[in-house]
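> Structural data only, the sequence is not supplied:
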């Protein structure tokens, strides 16, 4: 998010438009990087070039003496200075420390200039950080989709047979096909015998009964083989889908970091659709035609063994052609599957970023990119169709030679009397050989298509073998029924990396948070703040060291026990569409309506919810769009309050909200989680300056750890340097708050 927001700002500046609309681009970065972006990007590349910049921001320290507009309830309330807007807000907009005087003298405002030497210093100070961030982009980007090559492995076919119900089920299915084909041949032979009898014998009840019994067997086995074949293949598809779903839902976060959503959707849509809709009829068609071809050839050979003379060269040519066809079509099918993923990915990205595409006038560019991906997919699919037509012509040629040879040899041998040919059996064989003129090439194409469709089984099976997170429950859970009881946290020599090929994100860090204390975690962008939070919830596992909560190593707990024992409010509030407000707050129906109303009251959302037509039973729109960002944060806080956890983690929850909502959140947290351990990750130092303890991280290491007053009292501390980055006036105000907080605790 931090990198993408900077790329979005760079894209806006690169367009060199006369008017720039910037929607809070400084919310996701620390104060020092924010100053650099503001001065060297917004000021230097936009304002100083005469561009009109409309900056929507909660970082009021950058406002200075610029023109301000206050909008409330969809109406323009004030157009003037920042002080005028505060007066016009009626107490809704609160004054925050600015650099107005400092910026006015040095020109640091939206309407002035700035000192280039300061920008040079800022650039030099974070140059190393910037290099570290951007050189790591190739490592954290999505990996190329794995492409299988060569033959579909035997294990894939065995796995599919097991999903059908086991190897014996697959074997039983083949036996039913054999019986059905035998009944068909027996019925045709019986009718042929019947046609040679004299009229009196043709009326024999015994013979007619035999024919009817065989006909009933044909109908019975035909119905049974169809029902059983489709039932077993649908069961296999269901087993494959369920196994993949379970594996993806339990996959490590690394999987989602390296695989775009379009690629995952491709497996769940096209590949699963192939297993559901294409493979069952293709497999049934192939088996039916294959046994028909086998029965026909067996009948022809039994009626006229001499026809075997032409088989060796035809079989040699057939094997050569089929091998070439199967190899080519299989790889083309794999290429078609790979070429389909970018289409899904681009569709997903385009729909989610449609506003950005339209705002930048990039419709034609996106359209050309989509056409490029679609053409790549069409090329692979067209090659597959051409390959099928190529083999069809050659298979028809083989059957033409085979049928012509059988007819010629049969007439020759019959005329010469060299071999006694049963007219009934030979007529049966010849009629079936003529039918095979079209069926044989279709059988070969279907055999290759079965192999091609098994590629989708191969791809789905791959996702069913993903590395899973730790166990959801363990035996240790039963020994700690009331965990966590106090909320003390001890981190010992913790080292964490996102993936094995990436450097350590946390490097041997150690600290202790007593129960009931408030810990503020600060640091530059990329210092490891969010990594520590993810390690706390075991979203990423530690490589070395341990985290103890109430003296219990969290490695020994199940994920359900661990994650239910803590509450979290993230920077981006998540509400789920298709559910009501009540279901979003209490998805498992563990609390009463009264409890939910109390939690909404504690975050001052009860009036807004009661004003809705259905109250707490009002459905939530997609992504919670029927609520503002601040309201979504408050609802997420209400959800956390319901849990009454002894540990609360705030991962920059106020980065995208105004100062009033920020204060409201902080007050609600203080009241609802009195006596709980609270961990706050923030870029806005004013939100954590009153905490009991401050943890300063840098390059994955603990730079400083102590009370705000202790850190402020050291003029050479890293925390003091971060305060200086906010500006002289605001830094002085924050230092006063730190000192006052320390005195209040002593009193």
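Right, received. Where do you want to start? What you see is a predicted model, and the numbers here were worked out from it, not measured in a lab.
> what residue is smack in the middle of this protein?
What sits nearest the mean C-alpha location of the chain, by C-alpha atoms, centre = their mean, is residue 261, with 4.1 Å.
> Please report the distance of that one from residue 369.
According to C-beta to C-beta, to the nearest Å, residue 261 stands 17 Å off from residue 369. In this view, the C-beta of every residue, glycine as well, is placed from N, C-alpha and C.
> next one: residue 245
31 Å.
> farthest residue from the center of this protein?
Distance from the centre of the chain peaks at residue 200, with 75.0 Å (C-alpha atoms, centre = their mean).
> so is it in a helix, a strand, or just coil?
Secondary structure for residue 200, judged by DSSP: H, G, I helix; E, B strand; the rest coil, is helix.
> ok, now how distant is it from residue 153?
According to C-beta to C-beta, residue 200 stands 62 Å off from residue 153.
> just residue 667 next, same as before
Distance from residue 667 to residue 153, by C-beta to C-beta: 61 Å.
> what's the span of stretch 454-470, first residue to last?
End-to-end distance for stretch 454-470: 31 Å, by C-alpha to C-alpha, to the nearest Å.
> helix or strand for residue 396, which one?
Assigned by DSSP states H and E, residue 396 belongs to helix 363-416.
> Likewise for residue 648?
strand 647-651.
> pLDDT on the helix or strand just after that strand, on average?
For strand 647-651, the following helix or strand on the C-terminal side (DSSP H and E) is helix 659-672. Mean pLDDT, helix 659-672: 73.
> list the helices and strands helix 659-672 packs on?
If you count contacts as 3 or more C-beta pairs under 8 Å, 6 or more residues apart in numbering; DSSP states H and E, helix 659-672 packs onto helix 593-602, helix 629-643.
> Residue 678: which of those helices is closest?
helix 629-643 (10.7 Å; C-beta to C-beta).
> could you give me the average pLDDT of that closest one?
Here the average pLDDT along helix 629-643 is 83.
> Return the distance of that helix from the chain's centre.
Distance of helix 629-643 from the chain centroid (C-alpha atoms, centre = their mean, to the nearest Å) equals 25 Å.
> Over to stretch 730-740?
Computed by C-alpha atoms, centre = their mean, the separation of stretch 730-740 from the middle of its chain amounts to 44 Å.
> Pass me the low-pLDDT residue ranges in the stretch 451-600 of the chain, would you?
Residue ranges of the stretch 451-600 of the chain with pLDDT under 70: none are present.
> what about the closest residue to residue 632 other than its chain neighbours, which SS state?
Closest residue to residue 632 apart from its sequence neighbours, by C-beta to C-beta, 6 or more residues apart in numbering: residue 573 at 3.8 Å. When classified by three-state DSSP, residue 573 comes out as coil.
> how about the helices in the stretch 251-400 of the chain?
253-258, 261-266, 272-273, 279-303, 311-352, 354-359, 363-416 (DSSP state H, counting those that start in this stretch).
> Residue 484 is nearest to which of the ones you listed?
With C-beta to C-beta as the measure, helix 253-258 is the member of the helices of the stretch 251-400 of the chain nearest residue 484 (23.2 Å).
> For the closest one, list every residue counted as buried.
For helix 253-258, burial by neighbour count (16 or more other C-beta atoms under 10 Å) applies to 254, 255.
> so how far is it from its chain's centroid?
8 Å.
> on that earlier part again, list the residues that contact the residue nearest to the centre of the chain.
Applying C-beta atoms under 8 Å, 6 or more residues apart in numbering to residue 261 gives the contacts 345, 348.
> quick one: it from residue 412, how far?
Taking C-beta to C-beta, one finds residue 261 at 67 Å from residue 412.
> can you check residue 317 too?
Distance of residue 317 to residue 412, computed by C-beta to C-beta: 24 Å.
> Equivalent analysis for residue 191, please.
Using C-beta to C-beta, residue 191 is found at 28 Å from residue 412.
> likewise residue 635?
According to C-beta to C-beta, residue 635 and residue 412 sit 89 Å apart.
> Those two: which is more packed in?
residue 635 (25 against 12; other C-beta atoms under 10 Å).
> isn't the more buried one right next to residue 605, touching?
Yes - Residue 635 is in contact with residue 605 according to C-beta atoms under 8 Å; the separation is 6.5 Å.
> could you pull out the strands for the stretch 501-650 of the chain?
Ranges of strands within the stretch 501-650 of the chain are 506-513, 518-523, 544-549, 552-553, 567-569, 647-651, based on DSSP state E, counting those that start in this stretch.
> nearest to residue 224, of these?
By C-beta to C-beta (comparing all of the strands of the stretch 501-650 of the chain), the closest turns out to be strand 567-569, at 55.8 Å.
> so what strands line up beside that closest one?
strand 647-651 (parallel) (DSSP bridges).
> quick one, what contacts the residue nearest to residue 632?
So residue 573 contacts 624, 629, 632, 633, 635, 636, 653 (C-beta under 8 Å, 6+ apart).
> Backbone torsions only: list them for it.
Note on residue 573: its backbone torsions stand at phi -60, psi 140 [degrees, to the nearest 10].
> per-domain residue ranges of the chain.
2-64+99-140, 154-463, 475-706 (automatic domain parsing).
> Please state the offset of the last one from the chain centre?
Right, domain 475-706. Centroid separation between domain 475-706 and its chain, computed with C-alpha atoms, centre = their mean, is 23 Å.
> gap between the two ends of it?
37 Å.
> name the helices or strands packed onto the helix holding residue 396?
By 3+ C-beta pairs under 8 Å, 6+ apart, helix 363-416 packs against helix 311-352, helix 423-463.
> Show me the contact partners of stretch 456-468.
146, 148, 152-153, 156, 159-160, 240-241, 243-244, 246-248, 250-252, 254-255, 264, 267, 270-272, 274-275, 278-279, 337.
> Quick one: buried ones out of the residues you listed?
Among the contacts of stretch 456-468, those buried by neighbour count (16+ other C-beta under 10 Å) are 148, 152, 156, 159-160, 240-241, 243-244, 247-248, 250-252, 254-255, 264, 267, 270-272, 274-275, 279, 337.
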